[in-house]
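Novice: sequence first, then the predicted structure:
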Amino acid sequence: MSRRALICGISGQDGAYLAQLLLRKGYEVWGSSRDAEMNSFRNLHTLNIFKDVRLVSLNTSDLGSTLGLLRQCQPDEVFSLAGQSSVGLSYEQPIETMQSIAQGTLNFLEAIRLSAREIRFYNAGSTECFGDTGDYVADEESPLRPRSPYAVAKASAFWTVRAYREAYGMHACTGILSNHESPLRPRRFVTRKIIHAVASLALGGNERLSLGNLNIERDWGWAPDYVDAIARMLAQDAPADYLIATGRSHTLTEFVATAYRLIDRDWQEFVTLDPELIRPTDIAHNKVNVSKAAVGLGWRPKYYMQDVIAAMLDAELGLLREERNS
Ligand code: NDP
């Protein structure tokens, strides 16, 4: 009998790559979206797996429907990836962000507890929860000092998962993931916005790029690498939280300069700073230690920032050429 996974948030970047990975591993994959009738599931079509997954609607803020879906699907594993996922947007939509992340996670845990089934649960956590790490390197036991509404919501979900694991012995864990990118990242995210501008310029456009704080440091990895770590977490006999990152942090300036260098252009000719894009609070340094995942999961990243940028640029060039020819 194959294992059955329910991926909540299957239409997003990670949901699509995780579905692809689990299908390859022989899982039966169900995926939920807030409105499965209306969603185009573009990412599932891009990966050519749309027909291989069973899609259902779920509003995770509704405990009754979450419980109903667990009864209908009877999953062995639940991957909770849905929720408002943009740090920037969380300043504009703090309540939606808090409800979709914190309450959505709590409802899933309650639904699993009430269903009294042996279901393994994955919660999509974030290194944003550590806040500014300054000179130290954060690990799984470091204090959380969230600085954005998004990070506050993720911190709440993290502690809820720990509390349920300890109180009820549930196989529930949080993957505390750093930024991870791919061609499936929506264009509102800064990395994809940069790649899009660079690719347009390479194809003869005259694209200028407006950015906010270029001094922030982040650890950028590759989404397909990270969903591999997610799958490994639920395959462990003992549930635990793991930090997933490349272990190498770079400034946004380095990201931008690397992207423009790949098309032999100097970023300073094309980038303007827009104070409007500076967030009310931001994290300057975000350094994390990934040794627990290396030892416990046997996981190591295959792609680092330069590889991520090259792969995204390649895909964006292909996409733009296709759009122009159609
Ligand atoms: P995406 O934004 O690509 O996908 C998240 C999905 O959640 C969407 O496809 C959408 O599905 C659903 N969603 C969006 N907004 C809401 C909302 N307000 N309420 C309920 N559901 C919503 O995210 P990623 O795939 O990049 O990330 C997956 C998870 O991992 C997220 O929880 C994210 O916060 C977390 N994470 C991501 C990181 C990254 O760098 N990518 C880093 C650390 C954590 P639909 O429209 O079908 O309902």
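Specialist: Sure thing, it's come through.
Novice: now do the strands in the stretch 101-250 of the chain.
Specialist: 120-126, 172-177, 180-181, 209-211, 217-218, 221-222, 242-244, 250-251 (DSSP state E, counting those that start in this stretch).
Novice: can you redo those as JSON lines with mean neighbour count?
Specialist: For glycine as for every other residue, the C-beta is placed from the backbone atoms N, C-alpha and C. Converted to JSON lines, the strands of the stretch 101-250 of the chain look like this (neighbours: other CB atoms under 10 Å):
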{"stretch": "strand 120-126", "mean neighbour count": "24"}
{"stretch": "strand 172-177", "mean neighbour count": "26"}
{"stretch": "strand 180-181", "mean neighbour count": "25"}
{"stretch": "strand 209-211", "mean neighbour count": "17"}
{"stretch": "strand 217-218", "mean neighbour count": "20"}
{"stretch": "strand 221-222", "mean neighbour count": "25"}
{"stretch": "strand 242-244", "mean neighbour count": "25"}
{"stretch": "strand 250-251", "mean neighbour count": "17"}
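Novice: can you redo these as JSON lines with distance to residue 297?
Specialist: Compiled in JSON lines, the strands of the stretch 101-250 of the chain are given as follows (distance: least, CB to CB, whole Å):
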{"stretch": "strand 120-126", "distance to residue 297": "13"}
{"stretch": "strand 172-177", "distance to residue 297": "10"}
{"stretch": "strand 180-181", "distance to residue 297": "16"}
{"stretch": "strand 209-211", "distance to residue 297": "35"}
{"stretch": "strand 217-218", "distance to residue 297": "22"}
{"stretch": "strand 221-222", "distance to residue 297": "14"}
{"stretch": "strand 242-244", "distance to residue 297": "6"}
{"stretch": "strand 250-251", "distance to residue 297": "24"}
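Novice: same list, the ones you listed, but as CSV with distance to the ligand and mean pLDDT please.
Specialist: As requested, these are exported to CSV (distance: least, CB to the nearest ligand atom, whole Å; pLDDT from 0 to 100):
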stretch, distance to the ligand, mean pLDDT
strand 120-126, 3, 98
strand 172-177, 4, 98
strand 180-181, 5, 98
strand 209-211, 18, 94
strand 217-218, 9, 92
strand 221-222, 8, 98
strand 242-244, 9, 98
strand 250-251, 14, 95
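Novice: so where do the helices sit in this protein?
Specialist: 13-24, 42-46, 63-73, 87-92, 94-98, 104-115, 149-168, 190-202, 223-234, 252-261, 291-297, 305-325 (DSSP state H).
Novice: returning to what we had before: nearest to residue 236, of the strands of the stretch 101-250 of the chain?
Specialist: With CB to CB as the measure, strand 172-177 is the member of the strands of the stretch 101-250 of the chain nearest residue 236 (8.0 Å).
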